[in-house]
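>>> coords below, sequence missing:
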């Protein structure tokens, strides 16, 4: 009887000991995993700080004004410079203009399937597709989005500006959450510019808009997806995508006028996606060095992700 009791106690002790060893090992492994995550995060933080310094140095040597926002869409870490500085928007305004049309359709003010007849006064330079169409040519509202976004067609934009009107467009810009973006003249209406009328935006506003589209929170998921798909079909790729590896997915919109050059978009990588908005005012007549500056800034950021553990 005594022997049996000893054996039972020994077995119980062995079970308790094994359980203790097992749970201690699990706690140790959990601690080790947490510590490894902390080390990786610290390395990423250090690399992100290095990227910020490299970008700061790049901007310091740029001849002109730079508004910049770069955001890691996983961690929400942000690097920014002059992000609230007003800069003429050029063709970047076409992104909120497209969204304003979706808002108007949601309000029942317009129908995306309605036909729009192109007026002679709307046909301007920088219209690769609609510039060759005869005045009076008809397109649905939604059909105008593709040339306006993917080829930055100015005639398509002017037709939509006429359709919505300035007041309604600006009202929708406010509704979608833009704080410093306006539209007060048509594309390439330089006479209005000389009179002091200008379309402005900021790097912060464009970043806010792109982040909302990425997370499918602008108006609704369907609209956000449609807009992202169009941005992903961009045909003007001489800035953000220029120096990235072939096949890198980028959804973006450019802007270009005399002494103004921009690109704003989202770059998708296998180690994380990032948002990048670079808006510039400069004295580079043909914008060659400015386009190179934007592509260099993008490559610096892309290399941060490439080199991650």
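That came through, no problem. Worth saying up front: this structure is predicted, and the values here are computed from it rather than measured. Numbers count the residues shown, from 1 in each chain.
>>> Every contact and neighbour count from this point should use C-alpha atoms.
Will do.
>>> Which residues does the closest residue to residue 63 other than its chain neighbours form beta bridges with?
Once flanking residues are discounted, residue 63 sits nearest to residue 282: 6.3 Å by Cα to Cα, 6 or more residues apart in numbering. On the basis of DSSP bridges, residue 282 takes part in beta bridges with residue 64.
>>> Make 27 the first number, not 1, from now on.
Sounds good: first residue 27 from here, last item residue 308.
>>> I'd like the distance between the residue nearest to residue 110 when sequence neighbours are not counted and residue 218.
On the basis of Cα to Cα, 6+ apart, the spatially nearest residue to residue 110 that is not a chain neighbour turns out to be residue 228, at 5.4 Å. Residue 228 sits 21 Å away from residue 218 when distances are taken as Cα to Cα, to the nearest Å.
>>> How about residue 187?
Computed as Cα to Cα, the residue 187 to residue 218 distance reads 15 Å.
>>> Mind checking what secondary structure residue 171 has?
When the structure is reduced to helix, strand and coil (DSSP: H, G, I helix; E, B strand; the rest coil), residue 171 reads as helix.
>>> Which residue ranges of the stretch 177-326 of the chain form strands?
For the stretch 177-326 of the chain, the strands defined by DSSP state E, counting those that start in this stretch cover 226-227, 275-283, 286-294, 300-308.
>>> List phi and psi for residue 70.
The phi and psi torsions at residue 70 (degrees, to the nearest 10) take the values phi -60, psi -40.
>>> give me the low-pLDDT residue ranges for this protein?
Along the chain, the model assigns pLDDT under 70 to residues 27-63, 65-66, 160.
>>> again, only this time at 90
Segments of the chain classed as low confidence (criterion: pLDDT under 90) are 27-69, 145-163, 214-220, 222, 310-312, 333-335.
>>> Compare neighbour counts for residue 187 and residue 218 and give me the winner.
A count of neighbours by other Cα atoms under 10 Å puts residue 187 above the other of residue 187 and residue 218, at 24 against 13.
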